[in-house]
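Asks: Sequence and predicted structure, then a few things I'm wondering about:
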Number of protein chains: 2
Amino acid sequence: MKYFKIAVCQMKVVDDKALNIKKAVNMMREAAQNKADMVILPEMFNCPYDNEKFREYAENRTDSRTLQVVSAAARKFKLHLVAGSIPEAEDGKIYNSSFIFNPEGVLIGHHRKLHLFDIDIPGEISFKESETITSGDRITVLETVICRLGVAICYDIRFPELLRLMALKGVELMVIPGAFNQKTGPAHWEVLVRSRAVDNQFFVAAASPASNENLSYIAYGHSMVVDPWGDIIARSGPDEEIIYAEINISRIAEVRKELPVLINRRTDLYDVVEK
Amino acid sequence: MKYFKIAVCQMKVVDDKALNIKKAVNMMREAAQNKADMVILPEMFNCPYDNEKFREYAENRTDSRTLQVVSAAARKFKLHLVAGSIPEAEDGKIYNSSFIFNPEGVLIGHHRKLHLFDIDIPGEISFKESETITSGDRITVLETVICRLGVAICYDIRFPELLRLMALKGVELMVIPGAFNQKTGPAHWEVLVRSRAVDNQFFVAAASPASNENLSYIAYGHSMVVDPWGDIIARSGPDEEIIYAEINISRIAEVRKELPVLINRRTDLYDVVEK
């Protein structure tokens, strides 16, 4: 499909799984009413971003209440769904996992966050995701009927070689559920989201939870959608909101013709490789 | 050296080589008077950014008047010098080349632009650098007595895999002489300069000519220096100006300890390689 509409749901995640799931479904309904073709939920949309909560909220995908409800909603509302991420339990481990569903509610993809976020800025912020979460080991590029989709989660965005590799695999829309915080958000969120679009000349949709000052880790918000020229075509502030963007896939070829970055790479001197 | 001061000279390049050389020397003198340890000149500091002019202004480095004068000034003023770039003639070809001198005026490095800038946005801008310029074939990382220096020119900045490779080679200060224009400048200059610093957690100094509306190609200006956290620590507007920044090399290790991006790379899944 050359044109489609995406909805990025900047949910205000709370410390109550049932309420988070209900909120996700309500936002999906609203997005469908507003003619969205695809809905993107934020990182950890059913759980506060907190190591203790990851353990408590984790679900196995074979009997995940969260996934059952949102996949049923995708089917009901006929939506492509990138279900941000949830804490996924398997074999005694917990992953930070995104699940992707088609409009029939069928699971078509699964990304486990590859890079775990361990930050320690004395006196400002300290968080060690690797205390509870295990990293994934697969790069996620999917063919859907509307576009070729890439999924990476939050800290994964800091690795330009990964996103370049995904662009070379033909990604057209890069979806990044991500919960930056009050320190890294103002410093790095926009520059990272925009630069990945500018470098790779594809669309980037970055979905954050809304800021919630009642939680231990306060997400930055500021979800945004950036086009292949690097222009921000939709953005939110810190609060709960759905933002919409029209994705015109032909814009990718246009920008790459005007400024042929990908074919100007000097692969005689360097390259990115998949192992 | 843990601390040193750099001066980025945003020269207003004109269509007169002798005047450009004189201006470069005057700015170097002023920078030295202001206690700079290193001076950075912009891309094509002795020549308008124009294919016809590249041919007319090109010099062979064995008898380049431009390089003789600026290297003598480096020696006289005791400055490390990254002499932006000039059109360099050799064996019937022209390169867009940066020359790096130590404070004794000795040539210690030479970077030929690796990626040639061919842009064609109908009705807005069209420029085909590859009509006159031949690309280089070496990645430029140098050890100086004050820091490990990387040099890339303008369009080279659009290739994150190149700069990542340079970071892995230990670059501490990435110098980018670059003449973005009135279209790509507002759209991409700051996001690219900042993202390279954020991704690689090193210093980036980007040196543009000042905007000159009398030339066919009007540079964007807005030279800037960015620290390893991504903060802009010096910046200019569009006009001629010298900007200064204190480089505290120990800040690199500090940022990399707080947020260990380089060691969190998943080289079991992907990598950047030099050919």
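Replies: Perfect, I can see it now.
Asks: need the longest helix for chain A.
Replies: For chain A, the helix that runs over the most residues, judged by DSSP state H, is helix A:17-33.
Asks: and whatever helix or strand comes next after that helix, which strands flank it?
Replies: Following helix A:17-33 in sequence order, the next helix or strand is strand A:38-40 (DSSP states H and E). If you go by DSSP bridges, strand A:38-40 pairs up with strand A:3-10 (parallel), strand A:80-90 (parallel).
Asks: Return the most buried member of those strands.
Replies: strand A:80-90 (a mean of 25; mean count of other Cβ atoms under 10 Å in any protein chain shown). The C-beta positions use only the backbone N, C-alpha and C, and glycine is treated the same way.
Asks: on that earlier part again, in CSV: the strands paired with strand A:38-40, plus mean pLDDT.
Replies: CSV is the format used below for the strands paired with strand A:38-40 (pLDDT from 0 to 100):
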stretch, mean pLDDT
strand A:3-10, 97
strand A:80-90, 98
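Asks: can you list the ones you listed in TSV and add distance to residue B:228?
Replies: Listed next are the strands paired with strand A:38-40 as TSV, based on distance: least, Cβ to Cβ, whole Å:
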stretch	distance to residue B:228
strand A:3-10	30
strand A:80-90	29
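Asks: picking that back up, okay, the longest helix of chain A in CSV with CA atoms only?
Replies: Written as CSV, here are the backbone C-alpha positions of helix A:17-33 (Å, rounded to 0.1, in the frame of the first residue of the first chain):
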residue,chain,number,x,y,z
LYS,A,17,-2.2,-4.2,34.6
ALA,A,18,-5.9,-4.5,34.0
LEU,A,19,-6.2,-0.7,33.6
ASN,A,20,-3.3,-0.5,31.2
ILE,A,21,-4.8,-3.2,29.0
LYS,A,22,-8.2,-1.5,29.1
LYS,A,23,-6.5,1.8,28.2
ALA,A,24,-4.7,0.2,25.2
VAL,A,25,-8.0,-1.2,23.9
ASN,A,26,-9.7,2.1,24.3
MET,A,27,-7.0,3.9,22.4
MET,A,28,-7.1,1.3,19.7
ARG,A,29,-10.8,1.8,19.3
GLU,A,30,-10.4,5.6,19.1
ALA,A,31,-7.6,5.2,16.5
ALA,A,32,-9.8,2.9,14.4
GLN,A,33,-12.6,5.4,14.6
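Asks: What's the local residue count around residue A:50?
Replies: Neighbours of residue A:50 under the rule other Cβ atoms under 10 Å in any protein chain shown: 17.
Asks: how close does it sit to chain B?
Replies: Between residue A:50 and chain B the distance is 19 Å, computed by Cβ to the nearest Cβ, to the nearest Å.
Asks: Repeat that for residue A:5.
Replies: 24 Å.
Asks: Contacts only, for that residue.
Replies: A:34-38, A:244-247 (Cβ atoms under 8 Å, 6 or more residues apart in numbering or on different chains).
Asks: closest to chain B among these?
Replies: residue A:245 (18.0 Å; Cβ to the nearest Cβ).
Asks: In contact with that closest one, which residues are there?
Replies: Contacts of residue A:245 (Cβ under 8 Å, 6+ apart): A:5-6, A:8, A:205, A:225, A:233-234.
Asks: Kindly report the same for residue A:13.
Replies: A:20, A:42, A:44-49, A:209-210, A:212, A:215, A:219.
Asks: Show me where the stretch 1-150 of chain A has its strands.
Replies: Assignment of strands within the stretch 1-150 of chain A using DSSP state E, counting those that start in this stretch yields the ranges A:3-10, A:38-40, A:80-90, A:93-101, A:107-112, A:118-121, A:125-128, A:133-134, A:140-143, A:148-151.
Asks: So what's the gap between the last one and the chain middle?
Replies: For strand A:148-151, the gap between its own C-alpha mean and the chain's C-alpha mean amounts to 10 Å (Cα atoms, centre = their mean, to the nearest Å).
Asks: which helices and strands does that strand pack with?
Replies: When contacts are defined as 3 or more Cβ pairs under 8 Å, 6 or more residues apart in numbering or on different chains; DSSP states H and E, strand A:148-151 sits against strand A:93-101, strand A:107-112, strand A:140-143, strand A:173-177.
Asks: Which residues of the stretch 1-150 of chain A lie near chain B?
Replies: The stretch 1-150 of chain A comes close to chain B at residues A:114-116, A:118-121, A:135, A:137-139, as judged by Cβ under 8 Å from any Cβ of the partner chain.
Asks: Let me know which of the strands of the stretch 1-150 of chain A is the nearest to residue B:84.
Replies: Across the strands of the stretch 1-150 of chain A, residue B:84 has its closest neighbour in strand A:118-121 (35.6 Å, Cβ to Cβ).
Asks: neighbouring contacts of that closest one?
Replies: Residues outside strand A:118-121 that contact it (Cβ under 8 Å, 6+ apart): A:125-130, A:183-184, B:257-260, B:264.
Asks: Could you list which residues are in contact with residue A:102?
Replies: In this structure, residue A:102 makes contact with A:74, A:80, A:108, A:144-145, judged by Cβ under 8 Å, 6+ apart.
Asks: change it to 6 Å
Replies: The contact partners of residue A:102, by Cβ atoms under 6 Å, 6 or more residues apart in numbering or on different chains, come to residue A:108.
Asks: Same question for residue A:28.
Replies: A:39, A:73, A:77.
Asks: Can you tell me which of those residues lies closest to chain B?
Replies: Proximity of the contacts of residue A:28 to chain B (Cβ to the nearest Cβ) peaks at residue A:39, which lies at 27.3 Å.
Asks: So what's the residue count around the closest one?
Replies: Residues near residue A:39, counting by other Cβ under 10 Å: 29.
Asks: what's the pLDDT at it?
Replies: Note on residue A:39: pLDDT of 98.
Asks: From residue B:223, how far out is it?
Replies: Distance, residue A:39 to residue B:223, by Cβ to Cβ, to the nearest Å: 43 Å.
Asks: Can you tell me which of the contacts of residue A:13 is closest to residue A:238?
Replies: residue A:210 (6.5 Å).
Asks: My guess is that closest one contacts residue A:10. True?
Replies: Yes - judged on Cβ atoms under 6 Å, residue A:210 makes contact with residue A:10 at a distance of 5.0 Å.
Asks: between the two, what contacts are shared?
Replies: Residues touching both residue A:210 and residue A:10 (Cβ under 6 Å, 6+ apart): A:221, A:240.
Asks: what ranges do the helices span in the stretch 101-250 of chain A?
Replies: For the stretch 101-250 of chain A, the helices defined by DSSP state H, counting those that start in this stretch occupy A:160-168, A:184, A:190-200, A:250-258.
Asks: need the contact list for residue A:6.
Replies: Here residue A:6 is in contact with A:38, A:205, A:245, A:247 (Cβ under 6 Å, 6+ apart).
Asks: Which residue comes closest to it once chain neighbours are left out?
Replies: Leaving aside its chain neighbours, residue A:6 sits nearest to residue A:38 (4.6 Å; criterion: Cβ to Cβ, 6 or more residues apart in numbering or on different chains).
Asks: Specify the beta-bridge partners of that neighbour.
Replies: Judged by DSSP bridges, the bridge partners of residue A:38 are residue A:6, residue A:80.
Asks: Can you give me the neighbour number for it?
Replies: For residue A:38, the neighbour count with other Cβ under 10 Å is 25.
Asks: Likewise for residue A:48?
Replies: Residue A:48 has 24 neighbouring residues, counting by other Cβ under 10 Å.
Asks: Report the contact partners of it.
Replies: By Cβ under 6 Å, 6+ apart, the contact set of residue A:48 is A:15, A:215.
Asks: I'd like to know how far it sits from residue B:151.
Replies: Going from residue A:48 to residue B:151 by Cβ to Cβ gives 46 Å.
Asks: ditto for residue A:151
Replies: For residue A:151, the distance to residue B:151 (Cβ to Cβ) stands at 36 Å.
Asks: Then residue A:127?
Replies: Separation of residue A:127 from residue B:151 (Cβ to Cβ): 36 Å.
Asks: do residue A:258 as well
Replies: In terms of Cβ to Cβ, residue A:258 sits 27 Å off from residue B:151.
Asks: All good on my end, thank you.
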